[in-house]
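Enquirer: this one's sequence-less:
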């Protein structure tokens, strides 16, 4: 078990095998490389993406397939090698959620820069996708006309 300090939950203990490593960090945080996914609440689709070494660095995330079951990402050969992804590996694709202060009805998910994790190796990478993919995908059902735009990506640029 590893003890980490969080801004949201205080000190918590997590199993070492739940830690995720992002060797290149995230956009804006290249030196923060270890994270853990924490459940926000029981029966909640959102989770916390908590930095292990930075207590106040945490993002709300959601599995992109909960937003759009048809969402696909083509990872470059270089990205596949970096994450050691094989055809048999379970892969998780998460989007960072933004909730404007005092305006939860305007919450959005960033589908343009998903977090891709090989669950076997626990290695992850943030990808930067084509600009046609929504940067601010509404989480409200009536605002999701853009869902059909975010179904498949054929080119990626790694971060």
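Expert: Good, I have the coordinates. Keep in mind the model is a prediction, meaning the values are calculated, not measured.

Enquirer: tell me which other helices or strands the top helix by length along the chain touches.
Expert: In the chain, with assignment by DSSP state H, the single longest helix is helix 77-83. If you count contacts as 3 or more Cβ pairs under 8 Å, 6 or more residues apart in numbering; DSSP states H and E, helix 77-83 packs onto strand 108-118, strand 123-129, strand 156-158. In this view, the C-beta of every residue, glycine as well, is placed from N, C-alpha and C.

Enquirer: let's have those in JSON lines, adding mean neighbour count.
Expert: Output for the helices and strands packed on helix 77-83, formatted as JSON lines (neighbours: other Cβ atoms under 10 Å):
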{"stretch": "strand 108-118", "mean neighbour count": "22"}
{"stretch": "strand 123-129", "mean neighbour count": "20"}
{"stretch": "strand 156-158", "mean neighbour count": "15"}
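
Enquirer: of all those, which one comes closest to residue 71?
Expert: strand 108-118 (7.0 Å; Cβ to Cβ).

Enquirer: residue ranges with poor pLDDT in the protein?
Expert: Under the criterion pLDDT under 70, the flagged ranges of the chain are 141-159.

Enquirer: switch the cut-off to 80
Expert: Residues of the chain that meet the criterion pLDDT under 80 lie in 41-43, 141-159.

Enquirer: still on that earlier bit, residues of the next helix-or-strand element following the longest helix of the chain that come out buried?
Expert: Using DSSP states H and E, the next helix or strand after helix 77-83 towards the C-terminus is strand 91-98. Using 16 or more other Cβ atoms under 10 Å as the test for burial, strand 91-98 gives 92, 93, 94, 95, 96, 97.
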